[in-house]
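Asks: Need coordinates for the following:
(one chain, ligands or ions: 1)
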Amino acid sequence: MQLRELAVPGALEITPQQFGDPRGVFLEWFKAGPFAEAVGHPLDLQQANCSVSAAGVLRGIHFADVPPGQAKYVTCAKGAVLDVVVDVRVGSPTFGRWDSVLLDDTDRRAIYLPEGLGHAFMALEDDSTVLYLCSSGYAPEREHGIHPLDATVGIEWPTTARDGSALTPQLSDKDTAAPSLDEAEQQGLLPSFDAVNDYLATLRA
Ligand SMILES: Cc1cn([C@H]2C[C@H](O)[C@@H](COP(=O)(O)OP(=O)(O)O[C@H]3O[C@@H](C)C(=O)[C@@H](O)[C@H]3O)O2)c(=O)[nH]c1=O
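Replies: Numbering: from 1, shown residues only. The predicted structure is shown next:
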């Protein structure tokens, strides 16, 4: 298992070792020891989610109020998604920066997003099945969104599916109505970098 920090500090790409044999493949997609060593605290698993998306489905950019926020450890068991992390922490030196990891059923990577970061992904194939472990339970009143096509964030979403066909972004009504990054900041919806770091310090203590 290899871990690599992304361009948004705190976010990690995890590349598992895969063991193939005539039956198929085996891999460890989460391992508590290396995770805690890299992050500085264990993952407090409170919820495990699964979503299935058609090609072009675009979910996010979602984040939760900190504390406690919601850290996510995400993989794609079937199909492929471009998974994106966005720094929405006001006061962060990398505020507004995004990075991405291709999660698919070939390399079977995972991505970890600590509390306070924005998360979004686009499915590159029908029936793309995303599994993610969460550090807190669903609290819709504490979850917020930023429009995934916001020009200020400028995420370069794929335009071509894995089969070569054109992708048309398909958003939920909620995500279509989401504010831009600037609007979300003006509305006081974004977590502060200091509040996130204070909370992470309590987890590491
Ligand atoms: C996220 C979530 C949704 N739901 C319900 C609410 C709703 O009826 C239905 C679909 O919800 P949403 O439209 O919010 O689902 P979705 O747009 O897939 O939301 C997810 O997007 C990705 C990018 C994330 O990072 C996740 O944390 C989550 O916010 O599922 C739960 O019951 N529990 C949950 O944890």
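Asks: Three-state assignment for the residue of the chain found nearest the ligand, please.
Replies: Closest approach between the chain and the ligand, counting by Cβ to the nearest ligand atom: Tyr138, at 3.1 Å. No exception for glycine: its C-beta is placed from N, CA and C like everyone else's. Following DSSP: H, G, I helix; E, B strand; the rest coil, the label given to Tyr138 is coil.
Asks: residues near the closest residue to it other than its chain neighbours, how many?
Replies: Spatially, and ignoring its direct neighbours in sequence, Tyr138 is nearest to Gln47 (6.4 Å; Cβ to Cβ, 6 or more residues apart in numbering). Other residues near Gln47 number 13, with proximity taken as other Cβ atoms under 10 Å.
Asks: Wait, Asp194 touches Val66, no?
Replies: No. Counting by Cβ atoms under 8 Å, Asp194 stays clear of Val66, with 10.2 Å between them.
Asks: Those two: who's more crowded?
Replies: Val66 (23 against 12).
Asks: any idea whether that one is helix, strand or coil?
Replies: Per three-state DSSP, Val66 ends up coil.
Asks: do the same with Tyr73
Replies: strand.
Asks: That one and Leu133 touch, don't they?
Replies: Yes. The criterion here is Cβ under 8 Å, and Tyr73 meets it with Leu133 at 4.3 Å.
Asks: who touches both of the two?
Replies: 30, 43 (Cβ atoms under 8 Å, 6 or more residues apart in numbering).
Asks: tell me the contacts of the residue nearest to Tyr138?
Replies: 133-134, 136-138.
Asks: ok, and the most crowded of these?
Replies: Busiest of the contacts of Gln47 [other Cβ under 10 Å] is Leu133, holding 21 neighbours.
Asks: quick one: what helix or strand has that one in it?
Replies: strand 128-134 (DSSP states H and E).
Asks: Tell me which residues are up against that strand.
Replies: So strand 128-134 is in contact with 30, 43, 45-55, 57, 70-81, 83, 103, 121, going by Cβ under 8 Å, 6+ apart.
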